[in-house]
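>>> Sequence plus the predicted model coming up.
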Amino acid sequence: MTDDTLLPLSFPAVGRKKITAAFDGGRITSDGGVMLLAAAERRLQLADRLAAAIHDPRDPQRVTHAMADILRARIFAIACGYEDANDLDRLRTDPAFKLACGRLPDSGIDLCSQPTCSRLENLPDLRTVIRLGWVLVDLWLSSYAAPPKSVTLDIDDTVDVVHGMIGALRLGQLTTRRGCGM
């Protein structure tokens, strides 16, 4: 009989508490991968950068969840396959999601609820959405040592091969008529 033991995984501390992923029971979550997403998000500071681009009209005296915390919970939920904001009502107490958002699983405050998240999703106006887009562009550009000389955006959202082939056929006919060939 073999003794298969998996080494525990260590993550950055939260509130001076050491975080270790083991496979021996205890408080369980099915979304342990959110911890890896959290490490990437912390490194990029994505939620903090996006939150800085959003004007928060809430009364600071009554705010329970900071804008960056709401965004972080929503980003993690979507990345883990929970595309509906109502999933946050269940995930707000999930130990892995709380840890990923910098909260202790048992004693830390729960994450934001669905109504809080929905208010955030309906908050941005067009100017805010454009600012959020620029945050993402800046983040993407900062991943390069030097900005690329050009960027190609393929915006054709169709997956119909016939549709694409007709366009290519027409383009081929145009270039052939001009003597360019294909």
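Done, it's in.
>>> quick one: low-confidence ranges for this protein?
Along the chain, segments meeting pLDDT under 70 span 1-8, 23-28, 157-182.
>>> if you set the cut-off to 80 instead, what comes out?
By pLDDT under 80, the low-scoring segments of the chain are 1-10, 20-30, 147, 153-182.
>>> Report the contact partners of the residue nearest the centre of it.
Ranked by distance to the mean C-alpha position of the chain (C-alpha atoms, centre = their mean), the top residue is residue 75 at 3.6 Å. If you count contacts by C-beta atoms under 8 Å, 6 or more residues apart in numbering, residue 75 has them with 37, 41, 46, 47. Backbone N, C-alpha and C define where each C-beta goes, glycine included.
>>> most surrounded residue in the residues you listed?
residue 47 (22 neighbours; other C-beta atoms under 10 Å).
>>> Which elements pack onto the helix or strand hosting residue 130?
In this assignment (DSSP states H and E), residue 130 forms part of helix 126-141. For helix 126-141, the packing partners by 3 or more C-beta pairs under 8 Å, 6 or more residues apart in numbering; DSSP states H and E come out as helix 46-52.
>>> May I have the helix it packs on exported as PDB, CA atoms only?
The C-alpha coordinates for helix 46-52 follow below in PDB (Å, rounded to 0.1, in the frame of the first residue of the first chain):
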ATOM      1  CA  LEU A  46      -6.800  45.300 -11.100                       C
ATOM      2  CA  ALA A  47      -9.700  46.000  -8.700                       C
ATOM      3  CA  ASP A  48      -8.000  49.000  -7.200                       C
ATOM      4  CA  ARG A  49      -7.200  50.500 -10.600                       C
ATOM      5  CA  LEU A  50     -10.800  50.000 -11.800                       C
ATOM      6  CA  ALA A  51     -12.200  51.400  -8.600                       C
ATOM      7  CA  ALA A  52     -10.100  54.500  -9.000                       C
END
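>>> Now do it: everything it contacts.
With C-beta under 8 Å, 6+ apart as the test, helix 46-52 has contacts from 41, 66, 67, 68, 69, 71, 72, 75, 132, 135, 138, 139.
>>> now do 7 Å
Residues outside helix 46-52 that contact it (C-beta atoms under 7 Å, 6 or more residues apart in numbering): 41, 67, 68, 71, 72, 75, 132, 135, 139.
>>> ok, now which ones touch the third one?
For residue 68, the contacting residues are 47, 48, 51, by C-beta under 7 Å, 6+ apart.
>>> Likewise for the last one?
By C-beta under 7 Å, 6+ apart, the residues touching residue 139 are 44, 46, 49.
>>> quick one: which of those is nearest residue 86?
Residue 86 lies nearest to residue 46 out of these, by C-beta to C-beta, at 23.0 Å.
>>> separation between the closest one and residue 154?
From residue 46 across to residue 154, the span is 24 Å (C-beta to C-beta, to the nearest Å).
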